[in-house]
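**Student:** let me see the structure of the following:
(chains A and B)
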Amino acid sequence: MSLVVVGLNHRTSPLALRERLAISADRVPEVLSNLARRHEGAGVVLLSTCNRVEVYMSHPLPADELDADIRAFLSGWFGIEAADLADALYIHADRDAVSHLFRVASSLDSLVVGEVQILGQVHSAYLMAQAEQTADKVIHALFQRAFTVAKRVRTQTTVGAGKVSVSSVAVDLAESIFSALAGKTVVVVGSGDVADLTLKSLVERGVRGVLVANRHPERAQRLAEVYEGEAVPFDDLRNHLHRADIVISTTAAPRTVLHAPDFEEALKRRGQEPMLVIDIAVPRDVDSDVGDLDNVYLYNIDDLEQVVVQNSEARRREIDTATDLVETGVDRFMEWLAGLAAEPTIVSMSDELELIRAHELRKTLDALPNLTEDQRREIDYLTTRIVRRILQRPATSIKHEIGHHDPHTVLHLVKRLFGLEDVP
Amino acid sequence: MLAAVYLTFYAGIAAYLCAAATALVYLRTADARTLRASSRALLAGAAMFVAMLAFRWATWQHLPLTTMTDSLVLFAVLAAMAILVTVRTPNTQVLLSFYLPPLALICLVNALVAHRFLPMEPRALRSSFLAVHVGLAVFAYALFYLASMTSAAYLCQAAHLKNHRMSWLVRHIPSLADLDAALIRLVRYGYPLFMATLALGLVWAFIDRDLLGPFWWASPKVVLSCVMAAFYAILFHLRCAGRLRGPKLAELVFIGFFVLIASYVVLSILDLRGYSFWNDPS
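**Tutor:** Have a look, this model is predicted:
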């Protein structure tokens, strides 16, 4: 039984190629059933995200034979020349394939290490394979183990802790101050891409009130309409500042537009409730003295980027620990897989011993005709237990040895010891 | 019976120290299992202390509340109960790392002085009515202690956010809003208990005014208690009026508890005759 993954990701292929190979969720079943038809008796999972397209397969054939076939399938399915795909596609077989999946599910192979979406995407891919009945015993075990490893990485390391984009750091900060953002109010001063992204993230987390102040009233009105907010006159901003739990400032003004007295007044009017001020403008919109006020938490673009750098470094520091967890998971899975290869031999051993037991039991019972039915049953039960106990230790040892030594040698030796030469 | 008292007392101390140690380990490992272990150790410690008080009660046939060791044991039990209620949600469990180390330190101090008090008969309170007074006082102190440590967590979180240090701690400590709500809740529950204690004490002092003398109301204990009651009342009023919030409020709540404890210690050292609640054997 071989395990193989063939695919491409953000590191091996440009966006243009990934776009051509992207498979929408509604077409995944079709691709899965096509692959399953081509490979009778194989288990198949298809993972398609914006950063990767990968086919996971468990198959009786060796990995190198599968590689060529999957490449040919992808090339034909998407109408892309095989030569164009050659450099972008990678193949990992057996242990490397398992390690690859565990790293993917644990978000160690992601563009942004530690991001959380990938685990959900791997889970969806597995569920689709289940629904299409293309997941066999090995695939089930492989993916279940991948989810366990990913969960362990997430809980036992901080690889997913700390956000690594300016907008998500701003949301993190807001949650560290206000807990739930539901019902909070944001005042946006000016406009810009980062401000839009931040505002969008905040609204997604439950922020309800959006006030927009801009020197160009029509721009303020436009942005306010997008978020069902309220446009306020720029010159009247100070009179609305007390309504803001969060202020995002991003004007192109050459000088600061908000000063400490403005916030002192706002704090007084809002009963000293804390305010988060995010100044993304360059040059800065908010006087640095504002940061000295109690209950005002001021972050400018440098502060936010510094937090992004700190978080990225913290994630990188955790990669080694996470990799150790992944490798431990891979070791365990490979042991299980090796044990699977020993199953036919163990079943034959059991059958052989059962034949001997049945033969000897019959001889004994024939020699003791005066035994009652209960006594016969008891002797039958006794011999069954003895055979099971005898078999238990070798079965465990074979599974263990096969994971640490050459499986062919171990199985060959066992077959010779028990006279099972006919077993495949 | 004395052996049982010693056994349960030192087992309780060990459990509190274990609880504090595991809560500190959490700060290093971020493994949620350590916090669960910490909670269990705390519960076991509190159970041991309750058993110890019960053994003392059974031995001397009256409530053991008047020695320093007994008071601190009762304080540790009530604080543990309040802590377990406060940290019942997963996102507040990290507060164990703030609550438990100082509490373990108090227990350790208690362990160091206990050899003087454990074999001794605790002086009996003059009336069972005073047992309620002492019990309420210790419970109020326990809640103020928690409020004080919650303030420490608030100040820690606020300082990190102010200085743009998004450390591991910032992500694990509850938000400023949650900490603010928790500390106000603790003061809100502790203050009525403290006032009830004060009222009961004043009633007792008034009844026994012949014993205490005409100027009983000017005694250091009464004056300090009234000052502390006024202090917390002013804090609470300013907070509700929206004039005091955030780090300044947290600093005052943090300091408030230590002033309260300092006054208790000073009065205990002075042990002013005539203003004590117990029957003097002489």
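**Student:** which SS class is the residue of chain B found nearest chain A?
**Tutor:** Scanning chain B for the residue nearest chain A gives residue B:242, at 2.4 Å (criterion: C-beta to the nearest C-beta). The way it works is simple: take the backbone N, C-alpha and C, and place the C-beta from them, glycine included. Using DSSP: H, G, I helix; E, B strand; the rest coil, the structure places residue B:242 in coil.
**Student:** which residues touch it?
**Tutor:** A:270-273 (C-beta atoms under 8 Å, 6 or more residues apart in numbering or on different chains).
**Student:** among these, name the ones in helices.
**Tutor:** Using DSSP state H, no member of those falls in helices.
**Student:** quick one: name the residues of chain B near chain A.
**Tutor:** When proximity is defined as C-beta under 8 Å from any C-beta of the partner chain, chain B approaches chain A at B:30-32, B:157, B:161-162, B:164-166, B:168, B:170-171, B:174-178, B:241-248.
**Student:** picking up where we left off before, phi, psi of the residue of chain B closest to chain A?
**Tutor:** Taking degrees, to the nearest 10, you get phi 70, psi 20 for the backbone angles of residue B:242.
**Student:** for residue A:293, same thing?
**Tutor:** The phi/psi pair for residue A:293 (degrees, to the nearest 10) is phi -70, psi 140.
**Student:** got a pLDDT number for the residue in the stretch 201-350 of chain A positioned nearest to chain B?
**Tutor:** Proximity of the stretch 201-350 of chain A to chain B (C-beta to the nearest C-beta) peaks at residue A:271, 2.4 Å away. Per-residue pLDDT puts residue A:271 at 92.
**Student:** for it, give me its contacts.
**Tutor:** Neighbours of residue A:271 in contact, by C-beta under 8 Å, 6+ apart: B:241-243, B:245.
**Student:** give me phi/psi at it?
**Tutor:** Phi and psi for residue A:271, reported as degrees, to the nearest 10, are phi 60, psi 40.
**Student:** just residue A:259 next, same as before
**Tutor:** Phi and psi for residue A:259, reported as degrees, to the nearest 10, are phi -130, psi 170.
**Student:** contact partners for it?
**Tutor:** Counted by C-beta under 8 Å, 6+ apart, residue A:259 has contacts A:286-287, A:289-290.
**Student:** ChimeraX command for the buried members of those?
**Tutor:** Of the contacts of residue A:259, the buried ones go into a single ChimeraX selection, burial set by 16 or more other C-beta atoms under 10 Å in any protein chain shown:
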select /A:286,287,290
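**Student:** farthest pair in the contacts of residue A:259?
**Tutor:** Greatest spacing in those, by C-beta to C-beta: A:286 and A:289 (9.1 Å).
**Student:** please report how far the closest residue to residue A:122 other than its chain neighbours lies from chain B.
**Tutor:** Spatial nearest neighbour of residue A:122, chain neighbours left out: residue A:105 (4.7 Å); criterion: C-beta to C-beta, 6 or more residues apart in numbering or on different chains. Counting by C-beta to the nearest C-beta, to the nearest Å, the gap from residue A:105 to chain B is 21 Å.
**Student:** go on, residue A:42?
**Tutor:** From residue A:42 to chain B the distance is 40 Å (C-beta to the nearest C-beta).
**Student:** now swap in residue A:411 and tell me
**Tutor:** Separation of residue A:411 from chain B (C-beta to the nearest C-beta) stands at 41 Å.
**Student:** which of the residues of chain B next to chain A count as buried?
**Tutor:** B:30, B:157, B:161-162, B:164, B:166, B:170-171, B:174-178, B:244-247.
**Student:** now go through the residues you listed and say which are in helices.
**Tutor:** Cross-referencing these against helices under DSSP H gives B:157, B:161-162, B:170-171, B:176-178, B:247.
**Student:** of these, which pair is most distant in space?
**Tutor:** Greatest spacing in those, by C-beta to C-beta: B:171 and B:247 (19.7 Å).
**Student:** how about the lowest-mean-pLDDT helix or strand in chain B: buried residues?
**Tutor:** Ranking every helix and strand in chain B by mean pLDDT, DSSP states H and E puts helix B:209-212 at the bottom, with a mean of 72. Buried residues in helix B:209-212, defined by neighbour count with 16+ other C-beta under 10 Å: residue B:212.
**Student:** alpha carbons of it, in CSV - could you do that?
**Tutor:** Only the C-alpha atoms of helix B:209-212 are listed here, as CSV (Å, rounded to 0.1, in the frame of the first residue of the first chain):
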residue,chain,number,x,y,z
ARG,B,209,-20.2,50.4,75.9
ASP,B,210,-19.9,50.2,79.6
LEU,B,211,-17.0,47.7,79.2
LEU,B,212,-15.4,49.7,76.4
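**Student:** check contacts around residue A:223.
**Tutor:** By C-beta under 8 Å, 6+ apart, the contact set of residue A:223 is A:188, A:191, A:196, A:212, A:214, A:229, A:231.
**Student:** from those residues, list just the buried residues.
**Tutor:** A:188, A:191, A:196, A:212, A:214, A:229, A:231.
**Student:** give me the contacts around the host helix or strand of the fourth one.
**Tutor:** Right, residue A:212. Using DSSP states H and E, residue A:212 sits within strand A:209-214. Contact partners of strand A:209-214, identified using C-beta under 8 Å, 6+ apart, comprise A:183-191, A:199, A:203, A:220-221, A:223-224, A:227-234, A:236-237, A:240, A:243-244, A:251.
**Student:** return the subset of these lying in helices.
**Tutor:** Using DSSP H, those in helices are A:199, A:203, A:220-221, A:223-224.
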